[in-house]
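Novice: Build me a model:
(one chain, ligands or ions: 1)
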Amino acid sequence: MEVIIQPTAELAASLAARIVARELRSNPHLVLGLATGRTMERVYSCLVRMHKQEKLDFSLCRTFNLDEYVGLLPADPNSYRHYMERHLFNHVNVDPRNTYLPNGMAEGLPEECSRYEALINRFNKIDLQLLGIGKAGHIGFNEPLSALRSRTRVKALTPTTIQQNAAFFGGEQNVPRRAITMGVGTILESRWCLLLATGESKAEVIAKAVEGPITSMISATALQWHPRCTVIVDEEAASHLKEKDYYRWIFTNEPEWEQYQ
Ligand code: F6R
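Specialist: Just a heads-up that it's a prediction; the model follows:
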C-alpha cells in the first residue's frame with residue numbers, strides 16, 4: 001500500500017484523475033472500475049475537463065461500477081447509473097454500451113450478481129479500480145462483517161451508510177435498504193486499486209484502514225493485502241495517520257511518482 005498526502009481535496013482529486021488519464025492514454029482499452037459518492041465528483045469533473053481540453057479519449061474503454069441500489073430505475077435521479085451519466089458519461093466520449101453497472105431492478109438478484117461477476121471476468125478483470133471509503137469503512141457497499149473474500153452480492157445497508165446518504169433522498173426513510181455491490185474479493189482482483197478520501201470526517205476511518213489490523217469490520221483494511229493499492233488523501237483525511245512523514249518520503253523518492261510531483 002502507498003499513501004499519498006495532498007494539501008487539499010482539489011489536489012487529491014486531481015492527482016487521482018491524472019492517474020486515470022495516464023492509464024487510459026497508455027491503454028485505450030482500459031477496463032476502469034468506478035465509484036460514486038461526493039468524493040468522486042471532483043475526480044469526474046477533472047476527467048471531463050481533460051476530455052474537453054486535452055482530448056482525453058474514452059471511446060475504447062469499458063467501465064464497471066462498484067454498486068447500485070436495489071429497486072431504483074436507471075432513470076431515478078438517485079440511481080448510480082444516473083449519477084454516472086450526470087457526472088461523467090454524458091460529458092465524455094465513452095460508448096454507453098461499454099458502461100456497466102449492476103441492475104438493481106433485476107427479477108433474480110442472485111443471478112444478476114453472478115452475471116455481473118462473469119462480465120468482469122469476460123473482460124479479463126478490472127485494470128484500475130477507483131474507490132471511496134464510507135465512514136463505517138466500507139469499500140463499495142461492503143458493510144462491516146463483509147467477508148474479505150466476498151463476491152458481487154446483495155447487501156443490507158447499515159444505519160451509518162443510510163444516514164450518510166439520507167440527504168440525497170430527502171430523509172433516511174427514503175434510502176433503499178439494500179444494494180448490489182462487488183464483493184471485497186472481487187475488488188481485490190483488480191490490477192490496481194486507487195482509494196481516494198478527503199475531509200476530516202474520513203480521518204478516523206482512513207487511519208484504521210491504512211494503519212490498523214485487517215478486519216472484516218472495516219472492509220477497506222483488506223486493501224492491505226492488495227499487491228498494488230494507492231491511497232490518496234488530503235491533509236484533513238490524513239490527520240489521524242501516525243506515519244505521515246514516512247508516506248511523504250516514499251512519495252518524494254519513489255521513481256514511479258516523479259511524474260506526478
Ligand atoms: C459508492 C461507493 C461507496 C462510496 C463511499 C464514500 O459507489 O462505493 O463506497 O465511495 O460511501 O462516499 P462519499 O464519497 O460520498 O463520502
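
Novice: Is any residue of stretch 103-122 near the ligand?
Specialist: No. Stretch 103-122 is not in contact with the ligand by Cβ under 6 Å from any ligand atom; minimum separation 12.3 Å. Every residue, glycine included, has its C-beta placed from N, CA and C.

Novice: contact partners of that stretch?
Specialist: Residues outside stretch 103-122 that contact it (Cβ atoms under 8 Å, 6 or more residues apart in numbering): 31, 64, 68-74, 79, 100, 102, 126, 151-154, 176, 179-180, 182, 186.

Novice: Could you export it as PDB, CA atoms only?
Specialist: In PDB, the C-alpha atoms belonging to stretch 103-122 read as follows (Å, rounded to 0.1, in the frame of the first residue of the first chain):
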ATOM      1  CA  ASN A 103     -29.100  -3.900 -12.400                       C
ATOM      2  CA  GLY A 104     -30.800  -3.200  -9.200                       C
ATOM      3  CA  MET A 105     -34.200  -3.900 -10.800                       C
ATOM      4  CA  ALA A 106     -33.400  -7.400 -11.900                       C
ATOM      5  CA  GLU A 107     -36.000 -10.000 -11.100                       C
ATOM      6  CA  GLY A 108     -33.500 -12.600 -10.000                       C
ATOM      7  CA  LEU A 109     -31.000 -10.600  -7.900                       C
ATOM      8  CA  PRO A 110     -28.600 -13.600  -7.200                       C
ATOM      9  CA  GLU A 111     -28.500 -14.300 -10.900                       C
ATOM     10  CA  GLU A 112     -27.800 -10.700 -11.700                       C
ATOM     11  CA  CYS A 113     -24.900 -10.700  -9.200                       C
ATOM     12  CA  SER A 114     -23.400 -13.800 -10.900                       C
ATOM     13  CA  ARG A 115     -23.900 -12.300 -14.300                       C
ATOM     14  CA  TYR A 116     -22.000  -9.100 -13.300                       C
ATOM     15  CA  GLU A 117     -19.100 -11.100 -11.900                       C
ATOM     16  CA  ALA A 118     -18.900 -13.200 -15.100                       C
ATOM     17  CA  LEU A 119     -19.000 -10.000 -17.200                       C
ATOM     18  CA  ILE A 120     -16.000  -8.500 -15.300                       C
ATOM     19  CA  ASN A 121     -14.100 -11.800 -15.900                       C
ATOM     20  CA  ARG A 122     -15.100 -11.800 -19.600                       C
END
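
Novice: now it: mean pLDDT?
Specialist: Average pLDDT, stretch 103-122: 97.

Novice: same thing with stretch 198-208?
Specialist: Mean predicted lDDT for stretch 198-208 stands at 98.

Novice: what about stretch 114-128, how long is it end to end?
Specialist: Its start and end residues considered, stretch 114-128 measures 21 Å (Cα to Cα, to the nearest Å).

Novice: oh, I was asking about stretch 241-261
Specialist: End-to-end distance (Cα to Cα), stretch 241-261: 21 Å.

Novice: in that stretch, what's buried?
Specialist: Within stretch 241-261, the residues scored as buried using 16 or more other Cβ atoms under 10 Å are 241, 247, 251.

Novice: now swap in stretch 201-215 and tell me
Specialist: Neighbour-count burial for stretch 201-215 [16+ other Cβ under 10 Å]: 202-203, 205-210, 212.

Novice: That's all I had, so thanks and see you.
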